[in-house]
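# Only the shape, not the letters, is given here:
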């Protein structure tokens, strides 16, 4: 970042925050566009809420994590805090607008947590979330299944096909399992949170925590093991549906029946093969009441043991791959351990915390864009495509060649630019009165600008100029550019840009979609 | 906003902030897209900075207005404040990254001011700014002129053609005028700020303020009048260039010479006719060092007296207009008095406030999107196009007709949706197991969704379904829809959407571009 020493100011951004610029900003914007296009495809409408809320709105929603909320200073007037996520503001908005009984809303914005930053792990104090939620009273599991279809469309379109797994569980099944195994009421939360660590720790360690630290009866722990170590798909569900003890528990039974419906719908949506029904998934937040899910990718923790589909696909892909060392590389992936890249679930009671009469059930997903960005960028860099990402997307650089009599032909360059801009063409020119030709070429090359428009004194007098495609090899017939009439410059350039664009589109597709993680 | 009574929470957004949703959010996003497309066309690259900065970064940059800065609470660690504008964070970023010697950057984001909100006047505590700035050492007035070209492209593409005026002045000319007229050094700022009120007050009142309140010699005030009441274009500049007193002042002379260059370049860029050289424009902020400008529209204060070009254009338009009462309507325009819709200028010394060795001159513009939004929306409502703006942009609603044997054909509807989504088509369906047909039609109509895909039991068994264009008049041959093979549903629908799209595009163009203000 090239910070300078000896300044009078402490020249930095606050701890845990960063500036986004150049190629990073462009790549991130492309990820946003990919995600928001999927959201809109499913009928999502945008909601944008203030960056701060009245403090009482956030109070009591985040349990222990409430200490991580950023408060604004009391400067007279209302007491406010920065938003901690996008879910609570959405619930506040629903409660305020009780005439709205159903909505699909998306929100892409920054959220704030006064956590210990770990920039290498992608843990920031200011970071983006991309949320999609469906609110309303509907038949069971229908919107829930559509949320997971959205998840799969997003990762397919980001080019992660075969390299991510959606871990799925149900709070009611988990509650039933704990009840059936004999976990005492007061140990439910601590035991649930121990189970949730199974993606990072072996069973022996989790068991130790339960028994030694949390005082669970060892026999209860052993009974839990028989359930929570299971991962699978329909065959796991079928075996649980035959489990008499579990079916005798009302919560487990209801959860299993909903899970059966969910799998039917996921099959109809063509996403069942992306799912791992993972009985160890518990998720931290208290407000979930139904299905819960978390997306892991090969680089992130916990995927090694539980992603049969992803591994199968990776192997199949490896067979076809042009880079046989691809998988070996991945073991050194710097993004390893970034955790999940998306997560969510059903929360039916959050809105009524604000407005007791507004019982509006919700289900949603939140994408961790900063993590998705880090993984995508690491991949691009590994593939040495770094310079493929430009920080702007200028089409043409208008330059003057010679021009003693014209004094650098500044106004002529301005006039040509004006015509290009009016036609919607992205164009730049040198801000110098009399720039040298090599300087202008260098500027075009540094910006990876595909075309130079070259104005020469004699050509201009004859009503002509040259279009030069940058970077053509020596000996190419158009290496020195082609002369065109000024009057046909715009259509000529548009034709060439359209042709070039086809190449760029397929290279962009490679970057995002072909950039398999 | 339909707030409910009797809640346990204070269900509201903080004072001076608001939620953006539905059609408002969509219209605002379209304005952002229009503006950012212009920024990219001129080679702009995105910069995104944290919403809060270290407090010392903001200190001493906003003069009296510093009291309006939102501070974060001291919760241990660094002391931070919410950003007040996007310019100071840009200067901080430039100072931090001193290897960057030139850049065109844009930034669209919210800024924060603890001002007294006046929602009717569009004055909020949280509001959006859209900034474009060019940093770097270049030949005089070249980037400055490009900024005003950008301003004109934005307003032309928003459909405000002929209805806005760019007021232009130069700080050096103003300083020279005050010196030549004999304003004492210590009265420069107060007199300048009195002059700046000429867009809202007649000269007599401004003179009174200068003489009675600020103790200016009446003769000095009369000398000032001869200069600052002037508005015009090249002819005004030419007369000033002949003013001996003014040309004897070094500051005025330098300013006039730069203004002459500026006009040449504005002419080359085709925007000179949008400009009013307005000698009363002073602008509040201290950090401007060169050209200053402010965009006013017919609805906003101060345009009546000083927009000859806009008035001329409006009159010309009126002659051709299909609505002869258009101008009379405008006198009741609820947006009157919203002030300027964009403003900026040259600030050559801001970056060196952070980094004394980094002397990087800048020139830029900030668009007030909330005001632009209010004016555009008021216009749409006045033209009763309110329902023309949808809150989502769904292409097709997949519905079941009858289907006793299929149980509402939920999975069949899911399967069709899946195929549409995979083809990139925006589609929705009812989340009910057995929805009634009228309910489904109603949902499609409420969302202004252009096509219904109707699944019937018998048709489906024969591998077919129906595409029905919504809202066709009685008696239209396709009123009941057309039957298509399931295998050709996607291409058939795409063809119809493309055809419909052409209509939508021209109606969008009407909304934004035809929505003359």
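The structure has been received and is ready for your questions. Just so it is clear, the structure is predicted and the values come from calculations on it, not from any experiment.

# Could you tell me which residues make contact with the closest residue to residue A:207 other than its chain neighbours?
Residue nearest to residue A:207 in three dimensions, not counting chain neighbours: residue A:221, with 5.1 Å by C-beta to C-beta, 6 or more residues apart in numbering or on different chains. Using the backbone N, CA and C atoms, a C-beta is placed for each residue, glycine as well. Listed by C-beta atoms under 8 Å, 6 or more residues apart in numbering or on different chains, the contact partners of residue A:221 are A:207, A:210-211.

# Chain B contacts on the stretch 201-350 of chain A?
For the stretch 201-350 of chain A, the residues in contact with chain B (C-beta under 8 Å from any C-beta of the partner chain) are A:264-265, A:268-270.

# Check whether the nearest residue to residue A:465 once chain neighbours are set aside sits in a helix, strand or coil.
Nearest residue to residue A:465 in three dimensions, chain neighbours excluded: residue A:455, at 5.2 Å (C-beta to C-beta, 6+ apart). Of the three states, residue A:455 takes strand according to DSSP: H, G, I helix; E, B strand; the rest coil.

# Specify the beta-bridge partners of residue A:455.
residue A:400 (DSSP bridges).

# Pull the contacting residues for it.
Counting by C-beta under 8 Å, 6+ apart, residue A:455 touches A:398-401, A:403, A:409, A:412-413, A:416, A:465.

# Go again with 10 Å.
Counting by C-beta atoms under 10 Å, 6 or more residues apart in numbering or on different chains, residue A:455 touches A:398-403, A:406, A:408-409, A:412-413, A:415-416, A:429, A:464-466, A:486.

# Give me the helix or strand of chain A that scores worst on average pLDDT.
Sorting the helices and strands of chain A by mean pLDDT, DSSP states H and E puts helix A:326-330 at the bottom, at a mean of 31.

# Which among the contacts of residue A:455 count as buried?
A:398-401, A:403, A:406, A:408-409, A:412-413, A:415-416, A:429, A:464-466, A:486 (16 or more other C-beta atoms under 10 Å in any protein chain shown).

# Quick check, the residue in the stretch 151-300 of chain A closest to chain B?
Of all residues in the stretch 151-300 of chain A, residue A:268 sits closest to chain B, at 3.9 Å by C-beta to the nearest C-beta.

# Count the neighbours of that residue for me.
Around residue A:268 there are 20 other residues, counting by other C-beta atoms under 10 Å in any protein chain shown.

# mind putting the contacts of residue A:221 in a markdown table, secondary structure and pLDDT included?
Putting these into a markdown table (DSSP: H, G, I helix; E, B strand; the rest coil; pLDDT from 0 to 100) gives the following:
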| residue | secondary structure | pLDDT |
| --- | --- | --- |
| A:207 | helix | 96 |
| A:210 | helix | 96 |
| A:211 | helix | 96 |
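
# Check the secondary structure at the spatially closest residue to residue A:459 that is not a sequence neighbour for me.
Spatially, and ignoring its direct neighbours in sequence, residue A:459 is nearest to residue A:465 (5.8 Å; C-beta to C-beta, 6+ apart). Classification of residue A:465 using three-state DSSP returns strand.

# Parallel or antiparallel, list what pairs with the host helix or strand of residue A:364.
Here residue A:364, judged by DSSP states H and E, is contained in strand A:362-368. Looking at strand A:362-368 with DSSP bridges, its partner strands are strand A:126-135 (antiparallel), strand A:342-347 (antiparallel).

# And for residue A:294, the neighbour number?
For residue A:294, the neighbour count with other C-beta under 10 Å is 25.

# How about the stretch 401-517 of chain A: which residue is closest to chain B?
For the stretch 401-517 of chain A, C-beta to the nearest C-beta, closest residue to chain B: residue A:431, 3.4 Å.

# Just want the phi and psi numbers for that residue.
Per-residue torsions, residue A:431: phi -90, psi 10 (degrees, to the nearest 10).

# tell me the contacts of the residue nearest to it when sequence neighbours are not counted?
Computed as C-beta to C-beta, 6+ apart, the closest residue to residue A:431 that is not its neighbour in sequence is residue B:138, at 3.4 Å. Contact partners of residue B:138, counting by C-beta under 10 Å, 6+ apart, are A:430-433, B:102, B:144, B:146, B:361, B:363.

# do the same with residue A:168
A:144, A:148, A:233, A:259, A:262-263, A:266, A:274-279, A:281, A:291-294, A:345.

# hang on, it in a strand?
Yes: read with three-state DSSP, residue A:168 is one of the residues of a strand.

# ok, now how distant is it from residue A:368?
Relative to residue A:368, residue A:168 is positioned 18 Å away (C-beta to C-beta, to the nearest Å).

# What of residue A:292?
16 Å.

# Low-confidence bits of the stretch 101-250 of chain A, can you list those?
Applying pLDDT under 70 to the stretch 101-250 of chain A picks out residues A:120-122.

# tell me the contacts of the spatially most central residue of chain A?
Nearest to the mean C-alpha position of chain A, counting by C-alpha atoms, centre = their mean, stands residue A:369 at 3.1 Å. If you count contacts by C-beta under 10 Å, 6+ apart, residue A:369 has them with A:28, A:31-32, A:35, A:108, A:110, A:127-130, A:341-342, A:376.

# can you tell me which two in those residues are farthest apart?
A:110 and A:376 (18.9 Å; C-beta to C-beta).

# Which neighbouring elements make contact with the helix or strand harbouring residue A:484?
Here residue A:484, judged by DSSP H and E, is contained in strand A:482-485. Helices and strands touching strand A:482-485, by 3 or more C-beta pairs under 10 Å, 6 or more residues apart in numbering or on different chains; DSSP states H and E, are strand A:451-456, strand A:464-469, helix A:489-512.

# switch the cut-off to 8 Å
Using 3 or more C-beta pairs under 8 Å, 6 or more residues apart in numbering or on different chains; DSSP states H and E as the contact test, the elements touching strand A:482-485 are strand A:464-469.

# What about the residue in the stretch 51-200 of chain A that chain B sits nearest to? Give its phi and psi, please.
Residue of the stretch 51-200 of chain A nearest chain B, by C-beta to the nearest C-beta: residue A:138 (3.4 Å). With angles defined as degrees, to the nearest 10, residue A:138 sits at phi -130, psi 180.

# Am I right that residue A:260 is in a helix?
Yes: assigned with three-state DSSP, residue A:260 falls within a helix.

# and stretch A:481-492, which residues are buried?
A:481, A:484, A:486, A:489-490.

# Let me know the secondary structure of residue A:26.
Residue A:26 - assigned by three-state DSSP - is helix.

# That one against residue B:47, yeah?
No: judged on C-beta atoms under 8 Å, residue A:26 makes no contact with residue B:47 at a distance of 11.2 Å.

# who has more neighbours, these two?
residue B:47 (22 against 17).

# what helix or strand does that one sit in?
Secondary-structure assignment from DSSP H and E places residue B:47 in strand B:45-48.

# Check which element follows that strand along the chain.
Using DSSP H and E, the helix or strand that follows strand B:45-48 in sequence is strand B:52-54.

# Would you work out how far apart the start and end of stretch A:113-127 are?
Separation of the first and last residues of stretch A:113-127 by C-alpha to C-alpha, to the nearest Å is 9 Å.

# Identify the residues contacting that stretch?
By C-beta under 8 Å, 6+ apart, stretch A:113-127 touches A:14-18, A:65, A:67-70, A:84, A:110-112, A:335, A:337-339, A:368-371, A:374, B:50-52, B:75, B:77.

# If we use 7 Å, what do you get?
Contacting residues not belonging to stretch A:113-127 are listed as A:15-18, A:68, A:70, A:84, A:110-112, A:337-338, A:370-371, A:374, B:50-51, B:75 [C-beta atoms under 7 Å, 6 or more residues apart in numbering or on different chains].

# Appreciated, that's everything.
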